[in-house]
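>>> Could you look at this predicted model? Sequence included:
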Amino acid sequence: MSKTFASQADLEDKKVSFTQLSEHAWAYTAEGDPNTGIVIGDDAVLVADTQATPAMAADVIRRIREVTDKPIKYVVLTHYHAVRVLGATAYRPDHIIASQDTRDLIVERGEQDKASEIGRFPRLFRDVESVPAGLTWPTLTFTGKMTLWLGKLEVQLLQLGRGHTKGDTVVWLPQERTLLSGDLVEFDATPYAGDAYFKDWPATLDRVAALQPAALVPGRGAALMTPDAVQAGLAGTRGFIADLRASVEAGVAAGRELNAVYKETIARLRPKYGHWVIFDHCMPFDVTRCYDEMTQYTDPRIWTAERDRQMWETLES
Ligand SMILES: [Zn+2]
């Protein structure tokens, strides 16, 4: 029995929630679909991660307009993935902000990623024809840390290390200890690790934990509204990454080929994580990347629509 490629069989719409986490922060979540974080400052609104298309971003804007009429001045890209960035034009922001590492990834592999992700997740690219030609380009980039002041509200953009990608950025509101993590942290959703750095991700999560967030918007899954819920999100993500790496490392040490390592690893992880959304979608990409990192590729190889299919046929046939 072969599985349908990636998420092509996943066609059922999810229920959207728009949740206030703290005085200035809101979360647009949808039962495990990609989240958008919103910060409403004294004089402007910041949106972190845009949704996959301008048509889908229009629903985020509709929710924002139910609570504020302040201008949406800033869009932050927590990382370069198409499903996070291609809705940007809908917000008509003054600035699109990303780490320089994220911009470098857009230059290097943005086109391939766009084609690859649209092929994997047709449902997440609703009205894909509303995406303008070309790519989403940051208008401001930074390295390490950047601070925005939305009136009296301090908003820090932080690179805490590599994890989900090499460009990962979190949005941190120190005055209310609220964090928008992007895909560095997931909750009841399988971390996608096809562009990940398994050796770095745990230490990056330690730096997230060291901020001691009181509330957190994960990349996927429900908003985490208490310190205990934040810890649960961090522990779940950390456990998945560690368990997957341990299984792949054992297989590599035993001299096994990727296909055998994949089958062992998915069997080993399914009892604990198989109920998380997109588990079957992510596992072939995650194990392939981990195997690469543990053998000969320090940096993730570029995924193309064609490579996606070849990998899937090799591992799932
Ligand atoms: Zn991502």
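That came in fine, so what should we check first?
>>> which strand in the chain runs the most residues?
Ranked by number of residues, the top strand in the chain under DSSP state E is strand 33-40.
>>> ok, and what's touching it?
14, 24-29, 45-52, 57, 60, 64, 67-68, 70, 83-84, 124, 150, 153, 155, 171, 173, 180, 217-221, 223 (C-beta atoms under 8 Å, 6 or more residues apart in numbering). Placement of C-beta: from N, CA and C, glycine included.
>>> 6 Å - rerun?
Applying C-beta atoms under 6 Å, 6 or more residues apart in numbering, the set of residues contacting strand 33-40 from outside is 14, 24-29, 46-49, 51, 60, 68, 83, 155, 180, 217.
>>> try stretch 104-115
Residues contacting stretch 104-115 (C-beta under 6 Å, 6+ apart): 80, 82, 135, 167, 302, 304-305.
>>> Just the buried ones from the residues you listed?
80, 82, 135, 167, 304 (16 or more other C-beta atoms under 10 Å).
>>> In ChimeraX, how would I select the buried members of the contacts of strand 33-40?
Entered in ChimeraX, the line below selects the buried ones among the contacts of strand 33-40, by 16+ other C-beta under 10 Å:
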select :24,25,26,27,28,29,46,47,48,49,51,60,83,155,180,217
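>>> re earlier: next secondary structure after the longest strand of the chain?
strand 45-48 (DSSP states H and E).
>>> and residue 223, how many neighbours?
25 (other C-beta atoms under 10 Å).
>>> check contacts around it.
So residue 223 contacts 19, 21, 27, 29, 217 (C-beta under 6 Å, 6+ apart).
>>> among the residues you listed, which are in strands?
19, 27, 29, 217.
>>> Look up phi and psi at residue 96.
Taking degrees, to the nearest 10, you get phi -110, psi 120 for the backbone angles of residue 96.
>>> so it makes contact with residue 138?
Yes - assessed by C-beta atoms under 6 Å, residue 96 is found in contact with residue 138 at 5.0 Å.
>>> And the pLDDT at residue 2?
For residue 2, the pLDDT comes out at 65.
>>> what does residue 34 give?
96.
>>> Who are the contact partners of residue 141?
98, 100, 103.
>>> What residues does the chain have near the ion?
Where the chain comes near the ion, counting by C-beta under 5 Å from the ion, the residues are 81, 183.
>>> related to what we said a few turns ago, farthest-apart pair in the buried ones among the contacts of stretch 104-115, please.
Pairwise distances across those peak at 19.3 Å for 167 and 304 (criterion: C-beta to C-beta).
>>> now the angle between strand 33-40 and the strand or helix carrying residue 62, please.
In this assignment (DSSP H and E), residue 62 forms part of helix 54-67. Put simply, helix 54-67 runs at 40 degrees to strand 33-40, going by axes from the mean of the first three to the mean of the last three C-alpha atoms, to 10 degrees.
>>> Which neighbouring elements make contact with the helix or strand following helix 54-67?
For helix 54-67, the following helix or strand on the C-terminal side (DSSP H and E) is strand 72-76. On a contact count with 3 or more C-beta pairs under 6 Å, 6 or more residues apart in numbering; DSSP states H and E, strand 72-76 meets strand 45-48, strand 95-99.
>>> Of those strands, which is nearest residue 292?
Going by C-beta to C-beta, the one of these nearest residue 292 is strand 95-99, 22.9 Å.
>>> center of this protein - which residue?
Centroid check for the chain by C-alpha atoms, centre = their mean gives residue 183 as the closest residue, at 2.8 Å.
>>> Please name the residues that touch the nearest residue to that residue once chain neighbours are set aside.
Excluding the flanking residues, the one nearest residue 183 by C-beta to C-beta, 6 or more residues apart in numbering is residue 219, at 3.5 Å. Each residue near residue 219 by C-beta under 6 Å, 6+ apart is listed here: 182-183, 186.
>>> In JSON lines: these, plus secondary structure and pLDDT.
JSON lines is the format used below for those (DSSP: H, G, I helix; E, B strand; the rest coil; pLDDT from 0 to 100):
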{"residue": "182", "secondary structure": "strand", "pLDDT": "98"}
{"residue": "183", "secondary structure": "coil", "pLDDT": "98"}
{"residue": "186", "secondary structure": "coil", "pLDDT": "98"}
